[in-house]
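Trainee: below are the sequence and a predicted model for it; my questions follow.
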Amino acid sequence: MSKDQWFAIRVKSNRESVCSVALEGRGYEVFLPQQVLQKSEKKKKTTTYPLFPGYLFCRFDCECRLPVLTVPGIVHIVGIGKRPHPIEDEEIESLRVVVQTGLPMNANAPYTIGGKVRINQGPLTGVVGIVSGTRTKNDGEPTLIVSITLLQRSVAVAFPQSWLQSIEPEIANSARQVA
């Protein structure tokens, strides 16, 4: 059985892509969530940039982390104290789904504590997140927060309320309050 788990890795400024390629070259599974930003309406020029600047995610065995740490540009593996702390597979998969949808995202959303919900319709089907309220849209639609809790950061994605399904009883009450 593989001990490989997902970890957040802190990298030097603007070195996310280079470190990602280097890690993949060493045979590691790497996830670098990126956004597409359209620079100009007239020029139709787009550029991609990391959703979490200074971070990428890599799957490896924590006991064999030296090859990861020796990649140029890597600062450290994010953890608690000196011990790297793994990220659940469910969080990485939820983040992958959100990034793949191409829906507008706000990576600077504040970390919000709330009940877990699951999206049951549309391109986000199966994603687990947290309802933060009605702060991103003028029409009162709730916002799904897919949290990478270890980084104390979140990605906010607006979605229709009809896509929301409660996972726990207390979420049903909070979802009604948001509406």
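Mentor: Yep, it's here.

Trainee: would you mark the buried spots in stretch 14-27?
Mentor: 15-17, 19-20, 22-23 (16 or more other CB atoms under 10 Å). Yep, even glycine has a C-beta here, placed from its N, CA and C like the rest.

Trainee: and if you look at stretch 24-39?
Mentor: In stretch 24-39, the ones that count as buried by 16+ other CB under 10 Å are 28, 30-33, 35.

Trainee: domain boundaries for the protein, per the record?
Mentor: What the record gives for the chain is the domain set 5-84, 89-178, from automatic domain parsing.

Trainee: can you tell me which of these the model trusts least?
Mentor: Sorting the domains of the chain by mean pLDDT places domain 89-178 lowest, at a mean of 66.

Trainee: roughly how far apart are the residue nearest to Pro50 when sequence neighbours are not counted and Val30?
Mentor: The shortest distance from Pro50 to any non-neighbouring residue, by CB to CB, 6 or more residues apart in numbering, is to Glu16 (4.6 Å). Glu16 sits at a distance of 10 Å from Val30 (criterion: CB to CB, to the nearest Å).

Trainee: mutual contacts of these two, please.
Mentor: Common contact partners of Glu16 and Val30 (CB atoms under 8 Å, 6 or more residues apart in numbering): Leu56.

Trainee: wait, doesn't the residue nearest to Pro50 sit right on Leu56?
Mentor: Yes: using CB atoms under 8 Å, Glu16 makes contact with Leu56 at a distance of 5.4 Å.

Trainee: overlap of the contact sets of these two?
Mentor: In contact with both Glu16 and Leu56: 32, 50, using CB under 8 Å, 6+ apart.

Trainee: surely His76 meets Val11?
Mentor: No: using CB under 8 Å as the test, His76 is too far from Val11 to be in contact (9.3 Å).

Trainee: start from the N-terminal end of this protein and give the helices.
Mentor: 16-25, 66-69, 89-101, 169-178 (DSSP state H).

Trainee: out of those, which gets nearest to Ser154?
Mentor: When the helices of the chain are compared for distance to Ser154 using CB to CB, the nearest one is helix 89-101, at 10.1 Å.

Trainee: so what secondary structure elements neighbour the closest one?
Mentor: strand 5-11, strand 29-31, strand 128-131, strand 143-148, strand 153-158 (3 or more CB pairs under 8 Å, 6 or more residues apart in numbering; DSSP states H and E).
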